[in-house]
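Visitor: I would like to see how this sequence folds:
(2 chains)
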There are 2 protein chains.
Amino acid sequence: MAIQNRKIILRSRPEGEAGLDNFELLTEPLPPAGPEQVLIRHHYLSLDPYMRRRMDLKKNYAPPHPVGEVMLGGTVGEVLESRHPDFPPGTFVVGRGGWQEYSIVPAADASQDLRKVDADKVPLSYHLGALGMPGLTAWVGLEKICQPRSGETLVVSAASGAVGSAVIALAKSMQVRVVGIAGGPEKCNYAVTALGCDTCVDYKQYSDTASLTEALRAQCPAGVDSLFENVGGYVMDSVMSQMNAFGRIAVCGMISGYDGEPAPMRDPSAILWSRLRVEGFIVGENKALWDVGFAKLRELVVAGRLRPRESISTGIESAPEAFLGMLRGKNLGKQLVKLA
Amino acid sequence: MAIQNRKIILRSRPEGEAGLDNFELLTEPLPPAGPEQVLIRHHYLSLDPYMRRRMDLKKNYAPPHPVGEVMLGGTVGEVLESRHPDFPPGTFVVGRGGWQEYSIVPAADASQDLRKVDADKVPLSYHLGALGMPGLTAWVGLEKICQPRSGETLVVSAASGAVGSAVIALAKSMQVRVVGIAGGPEKCNYAVTALGCDTCVDYKQYSDTASLTEALRAQCPAGVDSLFENVGGYVMDSVMSQMNAFGRIAVCGMISGYDGEPAPMRDPSAILWSRLRVEGFIVGENKALWDVGFAKLRELVVAGRLRPRESISTGIESAPEAFLGMLRGKNLGKQLVKLA
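Guide: Numbers count the residues shown, from 1 in each chain, chains lettered A, B, ... in the order given. Here you go, the predicted structure:
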């Protein structure tokens, strides 16, 4: 009897804020794996901010996600059936399985990025967070753009998120003073006590750019040398005005503008006055940095210096609500959906 | 009998737009040159957009200009009296003489940047424009940041200005397709016919970002690979949305926001979607590039491929009005004041 696969498709594109009605849950029987293919049972699905932008027709680094197709997303799971010798049944793999319980993929196709992972040394879910794409994203942004030097001050926004938490742990291992920005006392407390962030500013306590700027200034008496930006909008504005000469800004995400109108930059002339370098990047275009990054991240996790927090919802049917909550900052740390 | 020197001081800081009442003309007798000093009679004073920002207390790459002191500015002139053997009377020099008819400066002080120039091979005034700071600024921004490759498309705003005109000539010598943006048919015509710009868009024909964006898109069918930005605001916005992946933006000036409120950037997330590098720079911090830049610029001027246009007012008393006019785009090419 065929396995019944439950999956969530993009039903329609959002107009403004995304909502539950943009998604639809379907059930369909799975075919057997074809030649060179493997059938994977997903244990966890990764939910990430970038997915929101892919729901729109707006310019992106990848084509818009097609309406009617299963939502895209990283997954970690176990090979159930295999027609490829490198991935025997029982192998645990990270891949791009999407918002569904199972996937059947051509194992040798490089575009699938199928990668074997260990299932015993660290929790399986870590391969979607601290030891996966978000952790590597932190590494690439730091190594390629922020390039923080010992004694400098680095600011990271969305500091308690999957990327932000890895930024903190990595930057602290480089003897950098790290100032986080996060929403609410629980997130700030996690950034400081579990990750070693020197201090973390709760942006929800400040209603405008001016007051948030003042709060940050008090924590950055020597100015800011580099910024790892995940948020954009007025959070970014509050940092830009206090960047030191020749500061670097890694633009990793701008979640504040994903779910509606773009969030403007209030005064881009700071780029000139402080001779800043502001650079966007995506992790998939920097694979040359991955091996060293994976090794550094694993070292920090094993040493207890990068202690990932996870927000986990259960069942594929919970994915849309968990995703929308994440866009509004309801999660703490890596947002996952447990599927098996 | 002592020489009477007429000079213009910063009388007060502007609140919002600068006006004539922020300046004051004074006359005072000059002392004789002291040890190691030279007395220079200025032939031309350079007026440049950066001076506007220095009138404010806002953040800058240099301290605010002090109220009550002679306005800062580049000058070219002739040594009248000398107490330094390297600069005998009759020597023509470029320096930082400020808004006045004469200056007395310590000749050997590196901070004065006193530099001998020839007075016969090219018009003296060129040493403040195409063969001076604006021309070098164009070279540094192209070499260090835009790094245009043969066949690529480069956009330059304020294309007919002192910097923009040098950007066009230099970029055309690199086999780059150059699309200018300027205000009015005369400026656009100059950019195309005298400088070889492939095409020039008159932004004054378009009332908003969307229509200017469409006009530019028609001229940049293969997108934009690099942008040399002198203006900021909606002119910059209209280019950013059509930058190609891995595009480079040299932030040289943002004149649209100098004379009042900052001009925001409408959608900075383009930096992420197109993985842009956006970098601010000033010419004085890139002296290692000067020698090659001077040589290239001179070659282009001699070959008739960089034909500078100048807007010249006469007499030191005309400087404030000429300066305010330049901020509103009334000049064509390099704005100068003729003093002798």
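
Visitor: Tell me which other helices or strands the helix or strand containing residue A:44 touches.
Guide: Using DSSP states H and E, residue A:44 falls within strand A:37-46. Here strand A:37-46 touches strand A:75-82, strand A:92-95, strand A:102-106, strand A:334-338, going by 3 or more CB pairs under 8 Å, 6 or more residues apart in numbering or on different chains; DSSP states H and E. (C-beta placed from N, C-alpha, C; glycine too.)

Visitor: again, only this time at 7 Å
Guide: Judged by 3 or more CB pairs under 7 Å, 6 or more residues apart in numbering or on different chains; DSSP states H and E, strand A:37-46 is in contact with strand A:75-82, strand A:102-106, strand A:334-338.

Visitor: so who does the residue nearest to the spatial centre of chain A touch?
Guide: Nearest residue to the geometric centre of chain A (CA atoms, centre = their mean): residue A:134, 4.3 Å. Contact analysis of residue A:134 by CB atoms under 7 Å, 6 or more residues apart in numbering or on different chains lists A:162-163, A:166, A:334.

Visitor: nearest spatial neighbour of residue A:102, skipping sequence neighbours?
Guide: residue A:5 (4.7 Å; CB to CB, 6 or more residues apart in numbering or on different chains).

Visitor: So the one you found sits against residue A:100, correct?
Guide: Yes: using CB atoms under 7 Å, residue A:5 is in contact with residue A:100, at 5.8 Å.

Visitor: out of the two, which sits in the busier spot?
Guide: Here residue A:5 and residue A:100 are compared on neighbour count by other CB atoms under 10 Å in any protein chain shown; more neighbours surround residue A:100, at 24 against 21.

Visitor: any idea how far that one is from chain B?
Guide: Remark: distance between residue A:100 and chain B (CB to the nearest CB, to the nearest Å) = 27 Å.

Visitor: pretty sure residue A:73 contacts residue A:44?
Guide: No: counting by CB under 7 Å, residue A:73 stays clear of residue A:44, with 10.1 Å between them.

Visitor: Give the residue from the two that has the larger number of neighbours.
Guide: More crowded of residue A:73 and residue A:44, by other CB under 10 Å: residue A:44, with 27 against 23.

Visitor: Write down the beta-bridge partners of that one, one by one.
Guide: Beta bridges link residue A:44 to residue A:76, residue A:338, judged by DSSP bridges.

Visitor: quick one, what contacts it?
Guide: Applying CB under 7 Å, 6+ apart to residue A:44 gives the contacts A:75-76, A:124-125, A:128, A:336-339.

Visitor: Which residues of the stretch 151-300 of chain A lie near chain B?
Guide: In this structure, the stretch 151-300 of chain A approaches chain B at residues A:232, A:251, A:253-254, A:257, A:262, A:264-269, A:271-282, judged by CB under 7 Å from any CB of the partner chain.

Visitor: Could you tell me which of those are located in helices?
Guide: Within these, residues falling in helices by DSSP state H are A:271-273.

Visitor: Tell me which residues are up against stretch A:4-18.
Guide: With CB under 7 Å, 6+ apart, stretch A:4-18 has contacts from A:22-30, A:52, A:55-57, A:65, A:67-71, A:99-102, A:259-260, A:316, A:319-320, A:324.

Visitor: buried ones in that stretch?
Guide: By neighbour count with 16 or more other CB atoms under 10 Å in any protein chain shown, stretch A:4-18 contains the buried residues A:5-11, A:18.

Visitor: next one: stretch A:196-205
Guide: In terms of neighbour count (16+ other CB under 10 Å), stretch A:196-205 has its buried residues at A:196-198, A:200-203.

Visitor: Which single one of those is nearest to residue A:218?
Guide: Ranked by distance to residue A:218 (CB to CB), these are led by residue A:201 at 8.8 Å.

Visitor: Check which helices and strands the helix or strand hosting that closest one sits against.
Guide: For residue A:201, the host element (DSSP H and E) is strand A:199-202. Strand A:199-202 sits against strand A:177-182, helix A:185-193, helix A:209-219, with contacts defined as 3+ CB pairs under 7 Å, 6+ apart.

Visitor: near chain B, which residues of the stretch 1-150 of chain A show up?
Guide: Proximity of the stretch 1-150 of chain A to chain B (CB under 7 Å from any CB) is limited to residues A:59-61.

Visitor: Which of these are buried? Put it as a ChimeraX command.
Guide: Restricted to buried positions by 16+ other CB under 10 Å, the ChimeraX selection for these reads:
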select /A:60,61
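
Visitor: Quick one: the residues of the stretch 1-150 of chain A next to chain B as JSON lines, columns for distance to residue A:245, secondary structure and pLDDT too.
Guide: Putting these into JSON lines (distance: CB to CB, whole Å; DSSP: H, G, I helix; E, B strand; the rest coil; pLDDT from 0 to 100) gives the following:
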{"residue": "A:59", "distance to residue A:245": "32", "secondary structure": "coil", "pLDDT": "86"}
{"residue": "A:60", "distance to residue A:245": "33", "secondary structure": "coil", "pLDDT": "88"}
{"residue": "A:61", "distance to residue A:245": "30", "secondary structure": "coil", "pLDDT": "88"}
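
Visitor: JSON lines for the residues of the stretch 1-150 of chain A next to chain B, including distance to residue B:120?
Guide: Formatted as JSON lines, those follow (distance: CB to CB, whole Å):
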{"residue": "A:59", "distance to residue B:120": "53"}
{"residue": "A:60", "distance to residue B:120": "57"}
{"residue": "A:61", "distance to residue B:120": "55"}
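
Visitor: Alright, I will stop here.
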